[in-house]
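[1] Just to be clear, the model below is a prediction. Sequence and coordinates:
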Amino acid sequence: MVTETLATVEIDLIPGAQTGFFRSKESRLLFVAGQGAGKTRAGLQRVFNYSKCHPGATGVITEPIAAHLDYPLMQSWREWLGPLEGQALDVGWVERGRHGPDWRIEFNNGCTVLLRAAESPERLIGFEAAWAGMDEAA
């Protein structure tokens, strides 16, 4: 296990593909692996790292269906970053608009992570984003 620390958050990386995905400087990445390989967690780690390093940025994460925004996405997010929810740190965050059309995570440093279901393509247009990520690109 490889451990990196960003602010007050430890990032445990599985050696190999997950570590390479997290550390990559490429602008377009694809992490393909089996169930339980850490794809969702690695994506969330990149989201957190980008948000920490680029205050005020907006990005979007998609899941194939809205139910997947709760599980696995927000469950994984809370398992890892739950202690920072509502904290007055630059990496502190709050969840807003749960299950609604404007569901998002807001960081204290001004970053916003939009949470969208790809089953509603009309919700995937009309906004500007510095980055986009697909969890379970079905």
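    It's in.
[2] Report the central residue of the chain.
    The centroid of the chain falls nearest to residue 44 when counting by Cα atoms, centre = their mean (3.4 Å).
[3] Does that one lie in a helix or a strand, and which?
    helix 39-53 (DSSP states H and E).
[4] which residues sit against that helix?
    6-7, 9, 11, 13, 18, 21-22, 31-33, 57, 59, 61, 72-73, 76-77, 80-81, 90-91, 107, 109, 111, 113, 130-131, 133, 135-136 (Cβ atoms under 8 Å, 6 or more residues apart in numbering). All C-beta spots, glycine's among them, are computed from the backbone N, C-alpha and C.
[5] I would like a ChimeraX command selecting only the buried ones among the residues you listed, please.
    In ChimeraX syntax, the buried subset of the contacts of helix 39-53 is picked out as below (16 or more other Cβ atoms under 10 Å):
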select :9,11,13,18,21,22,31,57,59,61,72,73,76,77,80,81,91,107,109,111,113,131,133,135
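[6] Which members of the contacts of helix 39-53 are positioned in helices?
    Using DSSP state H, the members of those that fall in helices are 18, 21-22, 76-77, 80-81.
[7] Among these, list the two that are farthest apart in space.
    With distances taken as Cβ to Cβ, the most widely separated pair in the ones in helices among the contacts of helix 39-53 is 21 and 81, at 18.2 Å.
[8] coming back round to it: rounded mean pLDDT for the helix holding residue 44, please.
    Helix 39-53 shows a mean pLDDT of 93.
[9] Same check on stretch 61-74?
    Stretch 61-74 shows a mean pLDDT of 95.
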